[in-house]
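A.B. asks: I would like the atomic coordinates for the input below:
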Amino acid sequence: MKKITILLMALVFIGSIFVINNENAQAADFEKAFAKKTILVKSAPGESYKTLGKLKAKTSVKVYGGVPIGTDQKDSSNADQYGWSKIMYKGKYAYVPTHELKFEHPSAWAPSVKAKAIAEIKEQFVSKNDKIRLVYDKNSYYEVFIQKDGKGEYQYLVYINCKTGWWHG
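C.D. replies: Residues are numbered from 1 along each chain as shown. Below is the predicted model:
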């Protein structure tokens, strides 16, 4: 009986170390995705930039972030056409059209995208006492709801692409 008690105490101790270490773990700084078809890799986010090469269909890539609109494009309401994902290609950062990737975790925010997108939305639409709520919709989009002055029902505000930060209302 004494050996069983010691064994159980040891297991609890080891388990608690695992939980503490797991809670302190940081989110990954990249997300895994696959090319849906053969796609061009660009030196910057946009169609007019230098083509560095191609990713063949089903090629696995690490995505390090995203931008909502190519730097050579004007603002547009067409989300699928204008999002760019930052990847590592031949040892350098490069960009591919986000809609041409299939993400391992569609509802996960791309690195550094969430804070920037939420800050832009808050700056334009949210006052000090307002509250916002994010609800995952589908296909990498979150709906943003606002509760004015922290009272009453939440109302739809905009939706955000969690891979690029592109939002529209």
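A.B. asks: Could I get the full set of strands for the protein?
C.D. replies: For the chain, the strands defined by DSSP state E occupy 31-35, 39-42, 51-55, 60-67, 84-89, 92-97, 101-103, 131-136, 141-147, 155-161, 167-168.
A.B. asks: other SSEs contacting the first one?
C.D. replies: Strand 31-35 makes packing contacts with strand 60-67, strand 101-103 when contacts are defined by 3 or more C-beta pairs under 8 Å, 6 or more residues apart in numbering; DSSP states H and E. Bear in mind the C-beta positions are built from the backbone N, C-alpha and C, glycine included.
A.B. asks: so which of these gets nearest Ile132?
C.D. replies: Ranking the helices and strands packed on strand 31-35 by proximity to Ile132 (C-beta to C-beta) places strand 60-67 first, at 20.8 Å.
A.B. asks: Could you pull out the buried residues of the closest one?
C.D. replies: Val61, Val63, Tyr64, Gly65, Gly66, Val67 (16 or more other C-beta atoms under 10 Å).
A.B. asks: and Cys162, how many neighbours does it have?
C.D. replies: Other residues within reach of Cys162, judged by other C-beta atoms under 10 Å, total 25.
A.B. asks: ok, the residue lying closest to it once chain neighbours are set aside to Arg133 distance?
C.D. replies: Counting by C-beta to C-beta, 6 or more residues apart in numbering, the nearest residue to Cys162 once its immediate chain neighbours are dropped is Trp109, at 4.6 Å. For Trp109, the distance to Arg133 equals 15 Å [C-beta to C-beta, to the nearest Å].
A.B. asks: Show me which of these two is the more surrounded one.
C.D. replies: Per other C-beta under 10 Å, whichever of Trp109 and Arg133 has more neighbours is Trp109, with 23 against 12.
A.B. asks: unless I'm mixing things up, Ile87 is touching Tyr95, no?
C.D. replies: Yes: with contact defined as C-beta atoms under 8 Å, Ile87 reaches Tyr95; the gap is 7.1 Å.
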